[in-house]
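Enquirer: The sequence and its predicted three-dimensional model are supplied below.
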Amino acid sequence: MAYFSRLTDIVTCNLTQILNEESNPSVALDEIVAEMREGIAGAQRSVRTAESSVKRLDGEIEFHRGEVAKWHERAKAALLDGNENDARDAVTRKKESQDVLAGLEQQHEAATNTRNHLATMMRALEGRLADAVRRKSQVANAGGGASVKPDQSDLNTERGRQVEDELAELRRELAGE
């Protein structure tokens with residue numbers, strides 16, 4: 001049985017309600033965790049794709065900024081040489097490059113927003129997965145099963161660093177009080 005049809009279903013789900021409706025919460029949690037892991041894998045792929053789009057656009061923007069500068073310098077040089085036709089052509093090319101640059105900057109902003117949205121969604125999915133893994137451990141312990149620690153592979157290294165950094169800050173706060 002599929003519990004989620006969209007990634008937003010994972011973020012907005014009420015695990016307590018889902019589990020209360022299940023006759024075997026342990027089996028349900030196994031399926032839920034598996035679906036969540038699949039969702040996170042897809043989200044990770046989407047974040048990587050969005051990040052590569054942002055980087056590609058960064059390169060194109062830098063190239064066109066260089067083109068604008070190049071045509072500006074050529075226009076100045078042509079005017080200094082007294083060649084107004086070449087200066088006019090260079091200014092025309094500069095304007096074209098500026099137009100392309102403006103379009104690329106808009107695309108870059110949209111791609112950056114998409115990447116940031118996907119990364120936030122992925123972190124929310126990871127948070128839900130961590131909750132489901134904890135609940136799975138609690139169900140196993142309540143059912144007389146062996147103690148099960150949450151799967152540490154579910155905690156990405158960035159999240160682990162963030163947790164450790166926050167704990168260190170809390171220790172500093174407590175030491176200062």
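Expert: Structure's in. What do you need? Residues are numbered from 1 along each chain as shown.
Enquirer: report the longest helix in this protein, please.
Expert: Looking across the chain with DSSP state H, the single longest helix is helix 84-142.
Enquirer: continuing past that one, what's the next helix or strand?
Expert: helix 157-176 (DSSP states H and E).
Enquirer: Lowest average confidence across helices and strands of this structure, where is it?
Expert: Every helix and strand in the chain was compared by mean pLDDT, DSSP states H and E; the lowest is helix 7-12, with a mean of 79.
Enquirer: residue nearest the centroid of the chain?
Expert: residue 119 (2.0 Å; CA atoms, centre = their mean).
Enquirer: confidence score at residue 25?
Expert: pLDDT for residue 25: 84.
Enquirer: swap that for residue 86, sorry
Expert: Residue 86 is given a pLDDT of 97.
Enquirer: Tell me how many other residues crowd the residue lying closest to residue 67 once chain neighbours are set aside.
Expert: Spatial nearest neighbour of residue 67, chain neighbours left out: residue 97 (4.1 Å); criterion: CB to CB, 6 or more residues apart in numbering. No exception for glycine: its C-beta is placed from N, CA and C like everyone else's. Residues lying near residue 97 (other CB atoms under 10 Å) number 20.
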